[in-house]
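*Asks:* okay, predicted coordinates and the sequence, questions at the end:
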Amino acid sequence: MDVYGLIGNPVGHSLSPPMHEAGYEALDVDARYVTFEPPKDGAAAAVEGAADLGVAGLNVTIPFKQDVLAAVEPDSLARRIGAVNTVDFSGGEPTGHNTDAVGATRALRAHDVALSGTAVVVGAGGAGRAVAFGLADEGMTVRVANRTESKAHDLADEVREATGHSLDALPELLADADVLVNATSVGMESDESPVPADALHGDLGVLDAVYRPLETRLLRDAADAGATTVDGAWMLLYQGVEAFERWTGREAPVDAMNEALRERL
């Protein structure tokens, strides 16, 4: 039996175990998915211990996504993003990957949102970095808007064909944009949106990385404007799907994993 898992602190709230185990069950894979909660300075030791125990793969969540970089050989995308959320032990030495970027692009594609033209990414934190690099790698021109404008400029300087802006610039940035991604936590704890409703339009594909609640103020406003909307559970799903496929070498049973995920939201 193969063992996969998740390291984080805290980790008890994670939706990854039921999602992955639903995938194993659907494909009759002899595997289990478990959680580990190392001390907050224990990322490297956790990866080393997992390797010694024969764990086949790890997901990584807060606060370890940056610390794990030093304990693995990151691929090019993870190195550029500066964070690892998936570790693969199949090649001997652990390799590090970031599936958050692909989680966003696959979620958008699954809703028939074309990844061409211009994308506006709200937020320059960890999720914003992953999304910005992912969309830029698809060939999109990326505009990063952030509450602290200097951080938007810093991220844009690292991303191909990107520019940095303040949140005040959103109406102008969105006027001719094709994709909008909220990569902040705004909308999670209160019924508010980081984007003015009157800046939204029907030619947008809008992904909100927030998945609790599934229907955020931003997505309601976007739907009212006629935009295509994608809730954050789709991004969560597809980052897990990408890890599942990397580890098992098999096409993930997306429907089964999605059903298990949404049953717990």
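*Replies:* Nice, I can see it. Numbers count the residues shown, from 1 in each chain.
*Asks:* what comes up buried for stretch 103-110?
*Replies:* 103-109 (16 or more other C-beta atoms under 10 Å). Placement of C-beta: from N, CA and C, glycine included.
*Asks:* next one: that stretch to chain centre, how far?
*Replies:* In terms of C-alpha atoms, centre = their mean, to the nearest Å, the centre of stretch 103-110 is found 10 Å from the chain centre.
*Asks:* what residues does that stretch touch?
*Replies:* 115, 130-131, 134-135, 138, 179, 181, 205, 207, 209, 230, 234-242 (C-beta atoms under 8 Å, 6 or more residues apart in numbering).
*Asks:* quick one: mean pLDDT over it.
*Replies:* Throughout stretch 103-110, pLDDT has a mean value of 98.
*Asks:* show me the contacts of stretch 103-110 that map onto helices.
*Replies:* 130-131, 134-135, 234-242 (DSSP state H).
*Asks:* now the residues you listed as JSON lines including pLDDT and neighbour count?
*Replies:* JSON lines is the format used below for those (pLDDT from 0 to 100; neighbours: other C-beta atoms under 10 Å):
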{"residue": "A130", "pLDDT": "97", "neighbour count": "30"}
{"residue": "V131", "pLDDT": "98", "neighbour count": "30"}
{"residue": "G134", "pLDDT": "98", "neighbour count": "28"}
{"residue": "L135", "pLDDT": "98", "neighbour count": "26"}
{"residue": "W234", "pLDDT": "98", "neighbour count": "24"}
{"residue": "M235", "pLDDT": "98", "neighbour count": "28"}
{"residue": "L236", "pLDDT": "98", "neighbour count": "21"}
{"residue": "L237", "pLDDT": "98", "neighbour count": "24"}
{"residue": "Y238", "pLDDT": "98", "neighbour count": "25"}
{"residue": "Q239", "pLDDT": "98", "neighbour count": "24"}
{"residue": "G240", "pLDDT": "98", "neighbour count": "27"}
{"residue": "V241", "pLDDT": "98", "neighbour count": "25"}
{"residue": "E242", "pLDDT": "98", "neighbour count": "22"}
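*Asks:* go through the residues you listed and name the one nearest R262.
*Replies:* L237 (8.6 Å; C-beta to C-beta).
*Asks:* so the closest one makes contact with E259?
*Replies:* No: between L237 and E259 there is no contact under C-beta atoms under 8 Å: 10.1 Å.
*Asks:* show me the contacts for K65.
*Replies:* For K65, the contact set (C-beta under 8 Å, 6+ apart) comprises 83-85, 126.
*Asks:* so which of these is the most crowded?
*Replies:* Ranked by neighbour count (other C-beta atoms under 10 Å), the contacts of K65 have V84 at the top, with 32 neighbours.
*Asks:* which parts of the stretch 151-265 of the chain are strands?
*Replies:* For the stretch 151-265 of the chain, the strands defined by DSSP state E, counting those that start in this stretch cover 162-166, 179-182, 205-208, 228-230.
*Asks:* now these as CSV including mean neighbour count?
*Replies:* Converted to CSV, the strands of the stretch 151-265 of the chain look like this (neighbours: other C-beta atoms under 10 Å):
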stretch, mean neighbour count
strand 162-166, 19
strand 179-182, 28
strand 205-208, 28
strand 228-230, 20
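*Asks:* so for P38, what's the nearest residue that isn't a sequence neighbour?
*Replies:* Nearest residue to P38, sequence neighbours excluded (C-beta to C-beta, 6 or more residues apart in numbering): A46, at 4.1 Å.
*Asks:* what's the helix or strand where that neighbour lies packed up against?
*Replies:* Under the criterion of DSSP states H and E, A46 resides in helix 43-53. Applying 3 or more C-beta pairs under 8 Å, 6 or more residues apart in numbering; DSSP states H and E, we find helix 43-53 packed against strand 2-7, strand 57-60.
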